[in-house]
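> Please find the sequence and the predicted model below.
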Amino acid sequence: MNLYAALEGLKFPDEMVTRFFFKNGLQAAPGRVLELGCGNANNLALFGAYGWHCAGLDIAPELLAQGQRNFQRLALAPPQLMAGDLNDPLPDFGPLDALLLPSSLYYVHVDRARQIVHHVAPMLAPGAPVFCRFRTPADHRHGQGDDLGQDCFRLTIAETSELGCVNAFYTLERMLDLLAPCGIDTDTLRVMTLVFDNLGRDERMIRNNEIVLWGRTKTAAART
């Protein structure tokens, strides 16, 4: 059987995670990476292919099981995949050389997202690359639900298959403020705006408006 046909669920890493990985030269500098909201670890598999030690947290045990099997099929070192809800207390993930926050922080309220960042930031090594992808107030979903304050809504629409989910929306400035505990060096900061259409339920066109940013935490010298 074709190798990719044998993989379960999402088979390839997110395009922007792939760009982040290679543009930061991470293929030549393996370490330990954590992804919050890792799904079936399709992003982590890219890191694993280049010798990174992979850790991930996700709310869906069935996706984590897919990820374990996919890593085995790809002959990669077993990842450390943990079942957990971002709204619950988080474990100590240990020292981290890279952090992935792809499309995960916007599924919790801003107040909780701030707690998550404060929890993880001290684990980041100096110079660690950080990736974040988030939705802006120009996204179709903004305002489409019960207002929870601070540009957060519990969605009451079904066309995006997120009925009942919390969605938080950020401007670039608000997200940079949220990530401030990570100590990202502004000289390394890269920001990209993504505007694209996607088909929702009943073939309804959904306009997505997102921002991707990445950067490296300050080195030990820059922190002094």
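The structure has been received and is ready for your questions.

> Which residues lie in contact with L86 in this structure?
Residues near L86 by CB atoms under 8 Å, 6 or more residues apart in numbering: 36-37, 57, 59, 104-105, 107-108, 112, 116. All C-beta atoms are positioned from the backbone trio N, CA, C, and that covers glycine.

> what does M123 give?
With CB under 8 Å, 6+ apart, M123 has these contacts: 34, 92-96.

> Now it, what are its backbone angles?
phi -80, psi -10 (degrees, to the nearest 10).

> how close does it get to E162?
29 Å (CB to CB, to the nearest Å).

> Check T188 too.
For T188, the distance to E162 - CB to CB - is 32 Å.

> picking up where we left off before, just the ones of the contacts of M123 in strands?
Using DSSP state E, the members of the contacts of M123 that fall in strands are L34.

> Narrow the contacts of M123 to just the buried residues.
For the contacts of M123, a neighbour count by 16 or more other CB atoms under 10 Å gives the buried set as 34, 93, 96.

> For the second one, give its distance to V120.
Put plainly, it is F93. For F93, the distance to V120 equals 7 Å [CB to CB].

> which neighbours do those two share?
L34.

> Please identify the buried residues of the longest strand along the chain?
In the chain, taking DSSP E as the definition, the longest strand is strand 205-216. Under the neighbour-count criterion of 16+ other CB under 10 Å, strand 205-216 has 206, 208-216 buried.

> Check stretch 110-122 too.
So, applying 16+ other CB under 10 Å, buried residues of stretch 110-122: 110, 112-117, 120-121.

> Fine by me, thanks again.
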